[in-house]
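Participant: Here is the input, now give the coordinates:
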Amino acid sequence: MEKEFYIYILASKPNSTLYIGMTSDLVKRVWQHKEGLVDGFTKKHAVNNLVYYEKYNDSENAINRERQMKKWKRGRKIELIEKSNPKWLDLYRDISK
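Facilitator: Numbers count the residues shown, from 1 in each chain. The predicted structure is shown next:
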């Protein structure tokens, strides 16, 4: 079984604070953010709504994509989110089923 890797964007609310991360277990990692188990930026700023994610089959591509996205200006990140999630819905419920 191949391992999967995810790039994800969390938001505190629509058009507000954003966080980009990478993980091999998206459901577990977002749950950790929601429960405040991840010390640092997301906990301090209550950034815990999953608004966007991408799946990769290898870590190198995922790491490169994460680095690329972190360099983007805010407007480009918002455009990416709104293209697939215009209402900024929390996607955690969809992935945790």
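
Participant: From here on, just use CA atoms for contacts and neighbour counts.
Facilitator: Fine.

Participant: Could you tell me how many residues sit around the closest residue in space to Ser96 that isn't next to it in sequence?
Facilitator: Among residues not flanking Ser96 along the chain, Val27 sits closest, at 5.8 Å (Cα to Cα, 6 or more residues apart in numbering). Using other Cα atoms under 10 Å, Val27 has 16 neighbouring residues.

Participant: ditto for Ile9
Facilitator: Other residues lying near Ile9 total 23 when counted by other Cα under 10 Å.

Participant: mind listing what the nearest residue to it once chain neighbours are set aside touches?
Facilitator: The spatially closest residue to Ile9, leaving aside those adjacent along the chain, is Ile20, at 4.6 Å (Cα to Cα, 6+ apart). By Cα atoms under 8 Å, 6 or more residues apart in numbering, Ile20 lies in contact with Ile7, Tyr8, Ile9, Leu10, Glu66, Met69, Lys70.

Participant: how about low-confidence regions in the protein?
Facilitator: By pLDDT under 70, the weakly predicted segments of the chain are 1.

Participant: Which residue ranges of it form helices?
Facilitator: For the chain, applying DSSP state H gives helices covering 26-34, 41-44, 59-71, 74-84, 92-95.

Participant: out of these, nearest to Val51?
Facilitator: helix 74-84 (6.6 Å; Cα to Cα).

Participant: Now the closest one - C-alpha only, PDB.
Facilitator: Extracted in PDB, the C-alpha atoms of helix 74-84 (Å, rounded to 0.1, in the frame of the first residue of the first chain):
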ATOM      1  CA  ARG A  74      -2.200  36.000   0.100                       C
ATOM      2  CA  GLY A  75      -4.500  36.800  -2.800                       C
ATOM      3  CA  ARG A  76      -3.300  33.700  -4.700                       C
ATOM      4  CA  LYS A  77      -3.900  31.500  -1.800                       C
ATOM      5  CA  ILE A  78      -7.400  32.800  -1.400                       C
ATOM      6  CA  GLU A  79      -8.100  32.300  -5.100                       C
ATOM      7  CA  LEU A  80      -7.000  28.700  -4.800                       C
ATOM      8  CA  ILE A  81      -9.300  28.100  -1.900                       C
ATOM      9  CA  GLU A  82     -12.300  29.900  -3.500                       C
ATOM     10  CA  LYS A  83     -11.900  27.900  -6.700                       C
ATOM     11  CA  SER A  84     -12.800  24.700  -5.000                       C
END
